[in-house]
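S.K.: Return a 3D structure for these sequence lines:
(2 chains)
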Amino acid sequence: MSSIIRRTALGFAILWISLACLPSATRAQENPYIVAYDHYLEEPGNLEIEYFSTFGTQRGGNDFHAYWLEFEYGATAWWTTEFYLDGQTTFGDSTIFTGYRWENRLRLLKHEHFVNPVLYVEYEHTSGADKILKEVEGHDVESDYAVPNSLSRKEHDQEMELKLLLSGTHKGWNFVENTIATKNLSNEPWEFGYALGASRPLALKASAKRCSFCRQNFIAGVEMYGGLGDRYSFGLNNTSHYLAPVVAWNLPSDWTLRLSAGFGLNDQSHRFLLRWGVSREVPGFGSMVGRLFGGHK
Amino acid sequence: MKAIVPALVVTGALLVLSVALAQTQKSEKASGGPAASYDPTIYAELQKAPDKARNRPNPLQNDPEAVAAGSILFEQHCAECHGDVAEGTRKGPSLLVPEVQSAPPGAIFWLLTNGVVRKKMPVWSKLPEPQRWQLVRYIKSLGGPTPVAESQAPKP
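M.R.: Presented below is the predicted three-dimensional model:
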């Protein structure tokens, strides 16, 4: 077990050192949300590599640390595609790979409006042991996560997830509302969920000097998310809900750090979810790959 | 283990997609390759700004730090496509041309806010309004290489 953790840690260390060595001229301006989505897509040709962790307390079972690696690519200015790899460690149990996801976000309108819709389509193939809680839907409740890995990993879920992302930015404030509809492809009913968020940079004007700790580099906000039942029992009964203050720190070196402390709002929710993430933008990734394969010299 | 195989397949598919897109993108940074040829139709988007947006004055017109701040923002967010000094690259047009330099600040602000998503220009409303106005100040401060009458626009 410890050798797996060591190898994983070494892999991540190599990945991040490699990324740190890449040339960089741009800076990400990322929102602080970890669950909710706004309407801003990845810039065309850029790749963003992100790592996120979720530490969760668990009543009736062992606490866990779930994590995922995310590759986000701006295919065009109106289409962003992402690939996820998920895993988790349940303390006193085991560390396992729990599946993958492929996500696409499509901007629906040409211009900026008061509210901007984005269509989100995701296919996921995960095991029942997946605990990243990237979204909460249907009747997902805390007790679902108390099952030992040896049992939960035997369950395999193939799901299609659709979201309508609504987002707008006014006077520096960004507001988002995500409506979630998920269909397990093994003949289970549609499940529903939501995510809400609001955030604002600590300063709206940019400084005339380069700096890491300037207020405009910090974006703070709050997000709330939870399930809304399924097709046959729509509503709040037997669902879980969370409220989480969030903050992002956009460093001039293209790195972004995010932190979120989530609190369960009812007895069906985990009491506490601590999430953090680190991401780095790789500008011009598409061009680099193109040149690698004999594109423009 | 079974789940890793499809994961690798999807990763491979994404890589191929990236390559395909990169090939069609004609993208090459200015410092590493020639600038885009002059194409007046690219700048037609500026003419689409509604009058209300076009007539908005820059609230930071008299801010002494706006150009310096805009210069840093430009380097961080715009130079990748438009070149280090806005001279244009294969990925994005020059901003030194008369069409941009003579455009009202409000029209440039409108274009930054809305992007031209069909032509790969992202929406930049994620930058707060004051930062977009700082960018406009910087872009307008570049002046451009030639006056309007001597521009490269085709003569009748």
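S.K.: show me what contacts the residue nearest the centre of chain A?
M.R.: Centroid-nearest residue in chain A, with CA atoms, centre = their mean: residue A:34, separated by 4.7 Å. Taking CB atoms under 8 Å, 6 or more residues apart in numbering or on different chains as the definition of contact, the neighbours of residue A:34 are A:52, A:223, A:244, A:246, A:258, A:260, A:275, A:277. Backbone N, C-alpha and C define where each C-beta goes, glycine included.
S.K.: So which of the residues you listed are in strands?
M.R.: A:52, A:223, A:244, A:246, A:258, A:260, A:275, A:277 (DSSP state E).
S.K.: Longest strand of chain A, counting residues only.
M.R.: Under DSSP E, chain A gives strand A:156-170 as its longest strand.
S.K.: what about that strand, distance to the chain center?
M.R.: For strand A:156-170, the gap between its own C-alpha mean and the chain's C-alpha mean amounts to 11 Å (CA atoms, centre = their mean, to the nearest Å).
S.K.: tell me the mean pLDDT for it?
M.R.: For strand A:156-170, the mean pLDDT works out to 96.
S.K.: Following element in sequence after that strand, please.
M.R.: Downstream of strand A:156-170, the next assigned helix or strand under DSSP states H and E is strand A:173-184.
S.K.: Do you have the strands of the stretch 101-250 of chain A handy? List them.
M.R.: Secondary structure of the stretch 101-250 of chain A (DSSP state E, counting those that start in this stretch): strands located at A:116-127, A:156-170, A:173-184, A:191-201, A:218-230, A:241-250.
S.K.: of all the ones you listed, which lies closest to residue B:88?
M.R.: Across the strands of the stretch 101-250 of chain A, residue B:88 has its closest neighbour in strand A:241-250 (26.9 Å, CB to CB).
S.K.: Quick check: buried residues in that closest one?
M.R.: For strand A:241-250, the buried set under the neighbour-count rule, 16 or more other CB atoms under 10 Å in any protein chain shown, comprises A:241-244, A:246-250.
S.K.: phi, psi of residue 113?
M.R.: Chain wasn't specified; assuming chain A. phi -130, psi 180 (degrees, to the nearest 10).
S.K.: Not quite, go with chain B.
M.R.: For residue B:113, the backbone dihedrals (degrees, to the nearest 10) come out as phi -70, psi -40.
S.K.: Tell me the pLDDT of it.
M.R.: Model confidence at residue B:113, expressed as pLDDT, equals 95.
S.K.: And for residue B:14?
M.R.: For residue B:14, the pLDDT comes out at 61.
S.K.: any idea how far the residue nearest to the centre of chain A is from chain B?
M.R.: When distances are taken as CB to the nearest CB, to the nearest Å, residue A:34 and chain B turn out to be 17 Å apart.
S.K.: Redo the strands of the stretch 101-250 of chain A as a markdown table? Include distance to residue A:48.
M.R.: Putting the strands of the stretch 101-250 of chain A into a markdown table (distance: least, CB to CB, whole Å) gives the following:
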| stretch | distance to residue A:48 |
| --- | --- |
| strand A:116-127 | 16 |
| strand A:156-170 | 17 |
| strand A:173-184 | 18 |
| strand A:191-201 | 18 |
| strand A:218-230 | 16 |
| strand A:241-250 | 12 |
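S.K.: Mind checking those strands for the one nearest to residue A:147?
M.R.: Evaluated over the strands of the stretch 101-250 of chain A, closeness to residue A:147 peaks at strand A:116-127, with 11.1 Å, by CB to CB.
S.K.: who does that closest one touch, helix- and strand-wise?
M.R.: The elements that strand A:116-127 packs onto, with contact taken as 3 or more CB pairs under 8 Å, 6 or more residues apart in numbering or on different chains; DSSP states H and E, are strand A:95-107, strand A:156-170.
S.K.: So is the last one next to chain B?
M.R.: Yes - contact between strand A:156-170 and chain B, assessed by CB under 8 Å from any CB of the partner chain, occurs at residue A:169.
S.K.: So what angle separates the directions of that strand and strand A:191-201?
M.R.: Angle between the axes of strand A:156-170 and strand A:191-201 is 40 degrees (criterion: axes from the mean of the first three to the mean of the last three CA atoms, to 10 degrees).
S.K.: again with the shortest one
M.R.: When the same axes, to 10 degrees is applied, the directions of strand A:95-107 and strand A:191-201 differ by 70 degrees.
S.K.: Helix, strand or coil: sort out the residue in chain A that chain B sits nearest to for me.
M.R.: For chain A and chain B, the shortest gap (CB to the nearest CB) falls at residue A:290, measuring 2.9 Å. At residue A:290 the chain is in helix, as set by DSSP: H, G, I helix; E, B strand; the rest coil.
S.K.: what stretches of the chain score poorly on pLDDT?
M.R.: As the question left the chain open, I've gone with chain A. In the predicted model, chain A carries pLDDT under 70 at residues A:1-28, A:295-297.
S.K.: could you do chain B instead?
M.R.: Using pLDDT under 70 as the threshold, the predicted model of chain B has low-confidence ranges B:1-38, B:144-156.
S.K.: Would you map the strands across it?
M.R.: Chain-ordered strands for chain B, with DSSP E as the definition, do not occur.
S.K.: the helices in it, which residues?
M.R.: Secondary structure of chain B (DSSP state H): helices at B:4-25, B:44-47, B:51-54, B:66-77, B:79-82, B:98-101, B:105-114, B:129-141.
S.K.: how about the second one against chain A, any contact?
M.R.: Going back to what we said before, that points to helix B:44-47. No - contact check for helix B:44-47 against chain A, using CB under 8 Å from any CB: none in range, with a minimum separation of 10.8 Å.
S.K.: Next to chain B in this structure, residues from the stretch 101-250 of chain A, please.
M.R.: For the stretch 101-250 of chain A, the residues found near chain B under the criterion CB under 8 Å from any CB are A:102, A:107, A:110-112, A:125, A:127, A:169, A:171-172, A:174, A:201, A:204-210, A:216.
S.K.: Which among those residues count as buried?
M.R.: Burial by neighbour count, judged by 16+ other CB under 10 Å, picks out A:102, A:107, A:112, A:125, A:127, A:169, A:172, A:174, A:201, A:205-208, A:216 from these.
S.K.: Hmm, residue A:285 and residue A:47 touching each other?
M.R.: Yes - with contact defined as CB atoms under 8 Å, residue A:47 and residue A:285 form a contacting pair (3.6 Å).
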